[in-house]
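Q: Fold the following and give me the result.
(3 chains)
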Amino acid sequence: MEKTYIDALPLTMNSSEKQETVCIFGTGDFGRSLGLKMLQCGYFVVFGSRNPQMTNLLPNGAEVLSYSEAAKKSDIIIIAIHREHYDFLTELTEVLNGKILVDISNNLKINQYPESNAEYLAQLVPGAHVVKAFNTISAWALQSGALDASRQVFVCGNDSKAKQTVMDIVRALGLTPLDQGSLMAAKEIEKYPLQLFPMWRLPFYLSAALCIFLFFYCVVRDVIYPYVYEKKDNTFRMAISIPNRIFPITALTLLALVYLPGVIAAILQLYRGTKYRRFPDWLDHWMLCRKQLGLVALGFAFLHVLYTLVIPIRYYVRWRLGNLTATQAILKKEIPFSTSTAWLYDSYVALGILGFFLFVLLGITSLPSVSNAVNWREFRFVQSKLGYLTLILCTAHTLVYGGKKFLNPSNLKWYLPAAYVLGLIIPCIVLVIKFVLIMPCVDNTLTRIRQGWERNSKH
Amino acid sequence: MEKTYIDALPLTMNSSEKQETVCIFGTGDFGRSLGLKMLQCGYFVVFGSRNPQMTNLLPNGAEVLSYSEAAKKSDIIIIAIHREHYDFLTELTEVLNGKILVDISNNLKINQYPESNAEYLAQLVPGAHVVKAFNTISAWALQSGALDASRQVFVCGNDSKAKQTVMDIVRALGLTPLDQGSLMAAKEIEKYPLQLFPMWRLPFYLSAALCIFLFFYCVVRDVIYPYVYEKKDNTFRMAISIPNRIFPITALTLLALVYLPGVIAAILQLYRGTKYRRFPDWLDHWMLCRKQLGLVALGFAFLHVLYTLVIPIRYYVRWRLGNLTATQAILKKEIPFSTSTAWLYDSYVALGILGFFLFVLLGITSLPSVSNAVNWREFRFVQSKLGYLTLILCTAHTLVYGGKKFLNPSNLKWYLPAAYVLGLIIPCIVLVIKFVLIMPCVDNTLTRIRQGWERNSKH
Amino acid sequence: MEKTYIDALPLTMNSSEKQETVCIFGTGDFGRSLGLKMLQCGYFVVFGSRNPQMTNLLPNGAEVLSYSEAAKKSDIIIIAIHREHYDFLTELTEVLNGKILVDISNNLKINQYPESNAEYLAQLVPGAHVVKAFNTISAWALQSGALDASRQVFVCGNDSKAKQTVMDIVRALGLTPLDQGSLMAAKEIEKYPLQLFPMWRLPFYLSAALCIFLFFYCVVRDVIYPYVYEKKDNTFRMAISIPNRIFPITALTLLALVYLPGVIAAILQLYRGTKYRRFPDWLDHWMLCRKQLGLVALGFAFLHVLYTLVIPIRYYVRWRLGNLTATQAILKKEIPFSTSTAWLYDSYVALGILGFFLFVLLGITSLPSVSNAVNWREFRFVQSKLGYLTLILCTAHTLVYGGKKFLNPSNLKWYLPAAYVLGLIIPCIVLVIKFVLIMPCVDNTLTRIRQGWERNSKH
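A: The predicted model follows:
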């Protein structure tokens, strides 16, 4: 065993007078990992255990004592125990009086208990200064040094001196403490590590549903229909051609869905004549995940761009163009140049590029570090003005793409219009309503409501 | 009315002993929005009003009293009143003594008053602890929960305990407080929300002017000239071909303008023989918006890349290439392969790709979160070494693009050279001067000046 | 001289009662630059000098006195002197008692001295409160205002009030202070500005070596071999074709090298039966620079994408395709369409696009501001699940690209297989081992080990 832990000796041995003692209650995985890391960073570690004889699993260099003896050795006690076993701490209230208790626990699911673990601990041992910390760090990360992820340790507590002491330990371990205020914040901090992209779920499921629906729609029109009527094997279109129809439609629809809740909210405020009433929950949730909706839309737009740019290197396209040209040469036919077709083609491509460019700009400004660097006025300008401009450009791109064949009955297959027509529905609705909302008469009322005016007030 | 505000009840009801009381002076829009939000977060809110009988507009659950009565109920008073009406507070100095006054006001324009509103408030009520906060948050955002933008609340104040109390409230409302130091910082904080991209204006106007000039230049050469001499309708070129000339030239010129001020500064320092003299204001301003200039240039370069990559899917290009090949086939002519042309073409494309790649790298390192993670030496390395390499690659890309036809008189139309020749002027000037500046004899003097040596000193 | 410094007058003149006095020891470049900046920000500056008569180099408006006299004028003394000359401070211990000493020094190389300069200073003048600050800011940046780089000033010190005072000065100069804890952090802070991308070195040298090797390999196969056997001049391939072979292989190999250390670590843990033993140093270092390896790989992938997308606008490709079509037309031959070839081509392109898309996602989530916004669980999900999916897609892309000719002996030139075969070696090894590791029987043991179980424990 000794050999195993020979590498657990302090890496940066501090001058002896500075070596602080930290006590850890509990010899589970996280306790041991944290203890090992602390030993490596020059702390002296005392473990408190129910059964101090069982020391073989602990990092070498650490002492193991009973709970009360261990607690006496240090002013800082890290509670590496599950919440269910906190009860025994009530017997130690005397020893723990005035000491700093660091609650590092996490629960298995969100809202498992009415109050946060840290607040519960503070109620159990009222004489101690409870500080919440370390719960967002994983034992595996501490051990392997693979802390690329997040070095952030959220810290909160009611006693600011205790909090400061814990933050110094956090820094000494090479992590970044973030002061989150009083112990009231513990609930949020304990919720944090249990989440898995909560705001991304709606956009994800929505886009998945859209993609699947459009995939079958396109397969019917582009693969099954020609197979039934012309016996042509078009299955290879499922690799690039069909995705390159699904992606732009999904992108455009999701982009429109970013702006739809704002438009609905405006209508609701106009109807209610006040802004001081809550929106329905679904609208609230929708509004809160607009950023995620927009970023998923940007992802699809990016895929659409790549799928479009590879068109000329595809085997199918080269084969088709080569055959066309060869036929033309064989027939000795000169194909006349149509300026109007050139205009139509070039402007639809140009609109798409400009729309995508603005879309990328919107994406960049939604990066946390960029959006923190702009003020509210600038953010509104970018997300609202540039956002609508993006939506207009992308909708125009799709409309011009359709060109003359838009809603042309000869283009229906089994009464199904081309897929891009479906993609235009929501964007056009949003743009039309928005156009109505910015008419001076409507806009004035809305502005007054948003500045606090209420229609039904006797004021 | 009651029905309207039924949803204003606390969302997260804290245990009753913790429910703090906050007083808000003023019942305007922001006061009401903040009050509603505080009620929802579990605070007890008392409004102070000139006219406490007019309560119908206020969130349910809040109390409305006269100013002095309201002030007595709480240690924290949020002043949601315009600066012009602060005078009445002088009558309340006794009640406000020792209390925390939170100044949330904004002005209509920058530098409207000689001192900041918060400092003015501190002079009016010398016995109170004035803290500046919340002025960067919009009422609409507070209300709708749409705080995607900035959750940052800048806080400053001279009393650190008062500041801490306010920061705890900020955190409880789900926002992120940022300590900006003493009340001296209030001026900056009040300026912040009024700005609209101040550093982006010069780059924006500059690039707009460049684009418009180049557009007309290209229209004359590529549309009007062939129309006059060959009666050819080339208008469709305005959608893609002409933008794809304007964008790279603008990008290259702006990129060179990023490095020009540094070169001018070096010449100025060499001429003056000291670094301890201020640069002229225009140079200072130019240097401060170099990052923005570079990012606008990157935007244009990105557009140039997209416009170039869509070339093979354009109708015009397909038509022209198809016709060429058909003619070749009809004439049964074998076109010989020219290795030198292949070299020229491929190297100009490769130079462009490498230049764009480094340009994107420069752009990424200028993201706030990335540039904060590198030290000064690394930042200098990237922005100076890699920056000049980018400029060299992009200039070489343009030069090789010109190839043999560069400054060829047959290429002039109405004595106008091709547009890309204009784009080469500034980059070449910058590169030549930089080349002179890094010659050992000049570089040594410059380095000594930058290390503090002064030519005219008797030292 | 007076004329020179006329512009050094305070920019923002504060009301006189607030004008603080700051003392700077040392009249070197950084001392003068800092003093000038402080004067401009409204501080009163007193320089302490060995030779107070030599004042001609100092900013106008500042006073110059002997060390002890200067120290008496202010509570804050900035030590702008090299560490080697700190000795004289021992004579001033009495004057310096209780004052705040700001250590701003840097060394010439990392680990030049056993203890940090700030800790050394604290030992020399035990009665003073030593604060480390400003060492990450360059004099040139202070002077020119060109602080685009980093406005961050790391501050550490044992006395929290002294630290707060220094942080207020930092803020007043327009910089951002970052509290790094106690003076123990000084060592790290002094190391920081001396680094030049320490974690990027391994990825950089590795990719450079790979690129050079692959370049010669491809030159032999694609340029020398056809020259020797067919006397064909293929040198122009060195501009685009050969780089477009080198880049994807390097990208794929580096991406696999990101996941290889994790796989080795898992094998090591399985073999040792415990997670509480350190990994060998080389493995530790490798794991720590995985992010950088991945980003370099992403750079190469990005170049590969651009080099691929320009294929259709290359002169060589246009010439070859044109000739092919012309020949086809001359021979009046119809080339039949092969659905299986279309499937192969399209699916290899689609796999590449999807792989690149996920790769870009991984890159974005490794931006500091994004990875700070996700919790450990989300980061693991993205970097591990999505990362392996990226590796699988990119490996499949390469395998399908090879298609039928993979390991076909007719494809060997001088017994050398096509370059892409080399690029498949490491990715396939990683994927095979990973596949073994996620088999339930192996995975269960590994999970138990990572949760703290030890095979050899008597527990």
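Q: which phi and psi does residue A:175 have?
A: Dihedral angles phi and psi of residue A:175 (degrees, to the nearest 10) take the values phi -110, psi 170.
Q: try residue A:156
A: The phi and psi values for residue A:156, taken as degrees, to the nearest 10, are phi -140, psi 160.
Q: Secondary structure of residue A:294: a helix, I assume?
A: Yes - following the definition DSSP: H, G, I helix; E, B strand; the rest coil, residue A:294 is counted among the residues of a helix.
Q: So which residues on the stretch 351-459 of chain A come close to chain C?
A: Residues of the stretch 351-459 of chain A lying close to chain C by Cβ under 8 Å from any Cβ of the partner chain are A:367, A:368, A:369, A:370, A:372. All C-beta atoms are positioned from the backbone trio N, CA, C, and that covers glycine.
Q: Take these and keep only those in helices.
A: A:368, A:369, A:370 (DSSP state H).
Q: care to break chain A down by domain?
A: If you go by the TED database, the domain ranges for chain A are A:21-194, A:200-451.
Q: Pick out the shakiest of these, pLDDT-wise.
A: When mean pLDDT is averaged over each of these, domain A:21-194 scores lowest at a mean of 84.
Q: Need the distance between the two termini of that domain.
A: Using Cα to Cα, to the nearest Å, the span of domain A:21-194 from its first residue to its last is 31 Å.
Q: Give me the contact status of it with chain B.
A: Yes - shown here: domain A:21-194 in contact with chain B (Cβ under 8 Å from any Cβ) through A:160, A:180, A:181, A:182, A:184, A:185, A:187.
Q: Which positions in the strand or helix carrying the last one come out as buried?
A: I take that to be residue A:187. Assignment of secondary structure by DSSP states H and E places residue A:187 within helix A:186-191. Of all the residues in helix A:186-191, those buried under the rule 16 or more other Cβ atoms under 10 Å in any protein chain shown are A:186, A:187, A:188, A:189, A:190, A:191.
Q: can you pull out the helices in the stretch 351-459 of chain A?
A: With DSSP state H, counting those that start in this stretch as the definition, the stretch 351-459 of chain A shows helices at residue ranges A:368-371, A:376-380, A:387-402, A:419-437, A:440-450.
Q: Residues contacting the first one, please?
A: In this case it means helix A:368-371. Defining contact as Cβ atoms under 8 Å, 6 or more residues apart in numbering or on different chains, one finds that helix A:368-371 is touched by A:364-365, A:379, B:148-150, B:367-370, B:372, C:367-370, C:372-373.
Q: can you redo the residues of the stretch 351-459 of chain A next to chain C as CSV with distance to residue C:164?
A: Converted to CSV, these look like this (distance: Cβ to Cβ, whole Å):
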residue, distance to residue C:164
A:367, 32
A:368, 28
A:369, 26
A:370, 30
A:372, 24
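Q: what angle do the helix or strand harbouring residue A:324 and helix C:315-330 make?
A: Counting by DSSP H and E, the secondary-structure element that holds residue A:324 is helix A:315-330. Using axes from the mean of the first three to the mean of the last three Cα atoms, to 10 degrees, the interaxial angle of helix A:315-330 with respect to helix C:315-330 works out to 50 degrees.
Q: what sits up against helix A:315-330?
A: The contact list for helix A:315-330 (Cβ under 8 Å, 6+ apart) reads A:236, A:311-312, A:335, B:318, B:322, B:325-327, B:329-330, C:321, C:324-326, C:328-330, C:332-335, C:337, C:341-342, C:345-346.
Q: returning to what we had before: make TSV out of the helices of the stretch 351-459 of chain A and add distance to residue C:196 and mean neighbour count.
A: Below are those laid out as TSV (distance: least, Cβ to Cβ, whole Å; neighbours: other Cβ atoms under 10 Å in any protein chain shown):
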stretch	distance to residue C:196	mean neighbour count
helix A:368-371	23	18
helix A:376-380	34	19
helix A:387-402	40	20
helix A:419-437	49	17
helix A:440-450	52	13
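Q: Of all those helices, which one is nearest residue C:87?
A: helix A:368-371 (43.9 Å; Cβ to Cβ).
Q: Output that closest one as CSV, nothing but the C-alphas.
A: Coordinates of the C-alpha atoms in helix A:368-371 are reproduced here as CSV (Å, rounded to 0.1, in the frame of the first residue of the first chain):
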residue,chain,number,x,y,z
PRO,A,368,-21.7,34.3,-23.4
SER,A,369,-18.5,36.3,-23.5
VAL,A,370,-19.7,38.4,-26.4
SER,A,371,-23.2,39.0,-25.1
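Q: Residue A:360 against residue A:298, yeah?
A: Yes - using Cβ atoms under 8 Å, residue A:360 is in contact with residue A:298, at 7.1 Å.
Q: between these two, who's got more neighbours?
A: The residue with more neighbours, out of residue A:360 and residue A:298 and counting by other Cβ atoms under 10 Å in any protein chain shown, is residue A:298; that gives 21 against 18.
Q: Could you look up the SS state of that one?
A: Under three-state DSSP, residue A:298 comes out as helix.
Q: need the strands for chain A, in chain order.
A: Residue ranges of the strands in chain A, as given by DSSP state E, are A:21-25, A:44-49, A:63-66, A:76-79, A:100-103, A:129-132, A:152-157, A:176-179.
Q: report the longest helix in chain A, please.
A: Secondary structure of chain A per DSSP H: the longest helix is helix A:243-272.
Q: Any buried residues in that helix, and which?
A: A:243-266, A:269, A:272.
Q: cool, and stretch A:328-347?
A: A:328, A:329, A:330, A:342, A:343, A:344, A:345, A:346, A:347.
Q: partners of residue A:152 in the sheet?
A: residue A:176 (DSSP bridges).
Q: in terms of contact, does it touch residue C:372 like I think?
A: Yes - here residue A:152 lies in contact with residue C:372, judged by Cβ under 8 Å, at a distance of 5.9 Å.
Q: Return the distance of stretch A:277-286 from the chain's centre.
A: For stretch A:277-286, the distance from its own C-alpha centre to the chain's C-alpha centre is 20 Å (Cα atoms, centre = their mean, to the nearest Å).
Q: whoops, stretch A:232-251 was the one
A: 28 Å.
Q: That stretch near chain B anywhere?
A: No - contact between stretch A:232-251 and chain B, assessed by Cβ under 8 Å from any Cβ, is absent, since the two come no nearer than 11.8 Å.
Q: hey, C-alpha coordinates of that stretch in CSV?
A: Taking C-alpha atoms only, stretch A:232-251 is exported to CSV below (Å, rounded to 0.1, in the frame of the first residue of the first chain):
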residue,chain,number,x,y,z
LYS,A,232,-36.3,5.1,-61.5
ASP,A,233,-34.0,4.2,-58.5
ASN,A,234,-33.5,7.5,-56.8
THR,A,235,-32.5,6.1,-53.4
PHE,A,236,-29.0,7.6,-53.6
ARG,A,237,-30.8,11.0,-53.1
MET,A,238,-31.2,10.1,-49.4
ALA,A,239,-27.5,10.8,-48.7
ILE,A,240,-27.3,14.4,-49.9
SER,A,241,-30.2,15.8,-52.0
ILE,A,242,-32.9,15.1,-49.5
PRO,A,243,-31.0,16.2,-46.4
ASN,A,244,-30.2,19.4,-48.3
ARG,A,245,-34.0,20.0,-48.6
ILE,A,246,-34.7,19.0,-44.9
PHE,A,247,-32.0,21.2,-43.4
PRO,A,248,-32.8,24.6,-44.9
ILE,A,249,-36.5,24.1,-44.2
THR,A,250,-35.9,23.2,-40.6
ALA,A,251,-33.5,26.1,-40.2
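Q: Not counting its neighbours along the chain, what's nearest the residue of the stretch 1-150 of chain A found nearest chain C?
A: Distances between the stretch 1-150 of chain A and chain C by Cβ to the nearest Cβ are smallest at residue A:29, namely 3.2 Å. Residue nearest to residue A:29 in three dimensions, not counting chain neighbours: residue C:452, with 3.2 Å by Cβ to Cβ, 6 or more residues apart in numbering or on different chains.
Q: Thanks a lot, catch you later.
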